[in-house]
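Student: sequence and predicted structure, then a few things I'm wondering about:
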Amino acid sequence: MSRLFTFLLAMLCFELALAAGGHGPAMQPVKIDLSDKLSLQRGAQVFVNYCVSCHSASFMRYNRIAADLDLSEESVQTNLMFTTDKIGDAMEVAMRPSDAESWFGAPPPDLSVVARSRGPDWLYNFLITFYVDENKPTGVNNLFFKDTAMPHVLWELQGLQRAVYHTEAADDGNETTTIERLELAQRGSLTENEYKRLVRDLVGFLVYVGEPAKLVRHRLGFWVIVFLLVFLVAAYLMKREYWKDVH
């Protein structure tokens with residue numbers, strides 16, 4: 001048993017060393033606050049305006065969004081529902097699968113649980129690191145998803161970035177070229193901070209879509225802790241009363 005534990009611990013340390021020593025781009029962390037309903041509402045607006053034409057979120061229904069994000073059903077129908085007129089419908093994609101396959105080679109994936117599979121940090125960094133690549137059919141590439149088939153649908157907001165390359169010569173004479181950084185080549189309608197806030201709102205909405213029950217857990221969690229603390233005090237006082245005559 002001890003040998004097995006040592007082997008597993010060594011494998012874990014090896015994996016961590018590989019991750020720490022990787023040569024991928026540095027990932028900027030993003031802070032998601034699911035209690036910020038205004039941020040989630042803005043993220044829902046971005047999603048339906050820019051994403052739902054290609055990507056569905058078929059595990060989420062519009063009436064659930066209305067209930068969870070403190071929106072009226074009339075507001076959701078007016079501002080968020082562009083692919084259906086039934087409040088109880090799921091967030092289905094507007095594009096036909098046959099068109100998606102002919103344009104992109106495969107239908108774009110459903111985004112219901114993408115925040116759980118990829119993680120909020122990865123999604124955030126993916127959406128802020130598109131750069132111009134004229135060799136790609138879409139005209140762009142991405143630092144965190146090389147050769148992605150997804151176009152930069154938010155380019156009018158962020159602008160266009162170009163890659164700044166760094167070439168390093170090895171001891172054997174071979175040269176390695178890597179992307180050192182991205183710099184703005186064409187301004188968008190938003191400033192850098194405004195665009196990052198918009199992306200954070202969108203990622204927050206996708207985190208919510210991936211697990212809507214988190215909102216309920218966060219609301220109930222405080223009261224559960226309060227109940228346990230009160231019960232602990234009551235149980236301790238009861239224990240003292242029962243055992244006060246036992247020596």
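Tutor: Ah, there it is. Numbering: from 1, shown residues only.
Student: return the set of buried residues in the helix ranked longest in the chain.
Tutor: In the chain, assigned by DSSP state H, the helix with the most residues is helix 213-243. Of the residues in helix 213-243, L215 count as buried by neighbour count, 16 or more other CB atoms under 10 Å. Where C-beta positions appear, they are placed from N, C-alpha and C, glycine not excepted.
Student: chain center to that helix, what's the gap?
Tutor: Chain-centre distance of helix 213-243: 33 Å, with CA atoms, centre = their mean, to the nearest Å.
Student: let me know the helix or strand that N63 is in.
Tutor: N63 is part of helix 62-68 when elements are defined by DSSP states H and E.
Student: who are the packing partners of the next helix or strand after that helix?
Tutor: Tracing the chain past helix 62-68, the next element assigned as helix or strand by DSSP H and E is helix 73-79. Other elements packing on helix 73-79 under the criterion 3 or more CB pairs under 8 Å, 6 or more residues apart in numbering; DSSP states H and E are helix 62-68.
Student: so for the helix it packs on, mean pLDDT?
Tutor: Helix 62-68 comes out with an average pLDDT of 94.
Student: name the residues that touch it?
Tutor: Contact with helix 62-68 is made by 44, 71-73, 75-77, 80-81, 84, 87-91, 208, 212, 215, as judged by CB atoms under 8 Å, 6 or more residues apart in numbering.
Student: quick one: buried residues of it?
Tutor: For helix 62-68, burial by neighbour count (16+ other CB under 10 Å) applies to Y62, R64, I65, A66, D68.
Student: now the longest helix of the chain: mean pLDDT?
Tutor: When pLDDT is averaged along helix 213-243, the result is 84.
Student: next one: stretch 128-146
Tutor: Averaged over stretch 128-146, pLDDT sits at 95.
Student: same thing with stretch 175-191?
Tutor: Mean pLDDT, computed over stretch 175-191, is 92.
Student: from the chain's centroid, how far away is that stretch?
Tutor: Computed by CA atoms, centre = their mean, the chain-centroid distance of stretch 175-191 equals 22 Å.
Student: one more: stretch 153-164?
Tutor: 19 Å.
Student: just stretch 70-78 next, same as before
Tutor: On CA atoms, centre = their mean, the centre of stretch 70-78 falls 24 Å from the chain's centre.
Student: and that stretch, C-alpha only, in PDB?
Tutor: Output in PDB follows, covering the C-alpha atoms of stretch 70-78 (Å, rounded to 0.1, in the frame of the first residue of the first chain):
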ATOM      1  CA  ASP A  70     -34.700  38.500 -11.700                       C
ATOM      2  CA  LEU A  71     -36.000  39.300 -15.200                       C
ATOM      3  CA  SER A  72     -39.700  39.500 -16.200                       C
ATOM      4  CA  GLU A  73     -40.800  37.100 -18.900                       C
ATOM      5  CA  GLU A  74     -41.800  40.100 -21.000                       C
ATOM      6  CA  SER A  75     -38.300  41.400 -20.800                       C
ATOM      7  CA  VAL A  76     -36.800  38.100 -21.700                       C
ATOM      8  CA  GLN A  77     -39.200  37.700 -24.700                       C
ATOM      9  CA  THR A  78     -38.300  41.200 -25.900                       C
END
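Student: kind regards, and thank you for your time.
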